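Enquirer: Generate a structure from the sequence data that follows.
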Amino acid sequence: MYLFMTEMLAILLGYFLGSIPFGFLIPKLYGIKDIRKVGSGNIGATNVWRIAGPIPAILVLIGDVGKGVLAVTISSYLASGLVEIEYLKLASGFAAIMGHIIPIFLLFKGGKGVNTALGVMTSLLPIPALISLIVFIAVVMISRYISLGSIIAAIALVAIVVVEKIFLLRDIHPVYIPVSILLALLIIFTHRSNIGRLLAGTENRFQLHSKKSSGVKKNG
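Expert: Residues are numbered from 1 along each chain as shown. From the prediction side, this is the model:
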């Protein structure tokens, strides 16, 4: 019973870590009372960049990625052997991702989970995650659509894991094939509204300057 409670604690901690709304809290320090009421209304780093500027956005990015890394790391220390450690790390990591998407601290209305997923997958599969990040950067540089980059990077992760496991015979736990597929479907689902705007041609393109920096420039 104690061992089971330890495993459950790791998963619960993962969820609560994921629920920490850095994208809501950090903009407050920069004068944004509620980031959900401006811009796209999302608590992700992209909307924070547009509204509050690059520094708070980078802090949000670090926080969102970090909580995914921390969830996986803590689960490694709390593993009791009752559940295979790889499964426990995955469960805690996915709990963190779901915590970001449906955070208890924001009445279950959160972000899209991409950066927290990056933190989780970087901890579990560093090389595939790094390649997916490169894919994301390339797509965003070409299209300037953060949402498109996120979706394609999630799909690319599936392809990379399949190639490494099946064709290159790398030592990757077989559970990562269905897990990467599940993650890609989750990212696509959280971006369903973005997909609609992409198809309609109304999705916002990413720009290096934010509204805040633009305002400063206009005012001298």
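
Enquirer: Could you check which helix or strand contains residue 162?
Expert: According to DSSP states H and E, residue 162 maps onto helix 146-162.

Enquirer: Show me what that helix is packed against.
Expert: helix 114-124, helix 126-143, helix 176-190, helix 192-200 (3 or more CB pairs under 8 Å, 6 or more residues apart in numbering; DSSP states H and E). Backbone N, C-alpha and C define where each C-beta goes, glycine included.

Enquirer: try 10 Å this time
Expert: In terms of contacts (3 or more CB pairs under 10 Å, 6 or more residues apart in numbering; DSSP states H and E), helix 146-162 is packed against helix 45-52, helix 114-124, helix 126-143, helix 176-190, helix 192-200.

Enquirer: And the residue nearest to residue 158 when sequence neighbours are not counted, how close does it get to residue 120?
Expert: Spatial nearest neighbour of residue 158, chain neighbours left out: residue 180 (4.6 Å); criterion: CB to CB, 6 or more residues apart in numbering. Using CB to CB, to the nearest Å, residue 180 is found at 11 Å from residue 120.

Enquirer: Residue 78 now?
Expert: Taking CB to CB, one finds residue 78 at 16 Å from residue 120.

Enquirer: rewinding a little: so can I have TSV of the helices and strands packed on helix 146-162 showing mean pLDDT, distance to residue 104 and mean neighbour count?
Expert: Shown next, in TSV, are these (pLDDT from 0 to 100; distance: least, CB to CB, whole Å; neighbours: other CB atoms under 10 Å):
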stretch	mean pLDDT	distance to residue 104	mean neighbour count
helix 45-52	95	21	25
helix 114-124	98	15	26
helix 126-143	97	27	17
helix 176-190	97	17	18
helix 192-200	97	23	13
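
Enquirer: what's the closest of the ones you listed to residue 85?
Expert: Taking CB to CB, helix 114-124 is the member of the helices and strands packed on helix 146-162 nearest to residue 85, at 11.0 Å.

Enquirer: and the closest one, what does it pack onto?
Expert: On a contact count with 3+ CB pairs under 10 Å, 6+ apart, helix 114-124 meets helix 2-19, helix 22-29, helix 45-52, helix 54-78, helix 85-101, helix 126-143, helix 146-162, helix 176-190.

Enquirer: now the helix holding residue 162: how far from the chain's centre is it?
Expert: Chain-centre distance of helix 146-162: 12 Å, with CA atoms, centre = their mean, to the nearest Å.

Enquirer: Quick check: buried residues in that helix?
Expert: Buried residues in helix 146-162, counting neighbours by 16 or more other CB atoms under 10 Å, are found at 146-158, 160-162.
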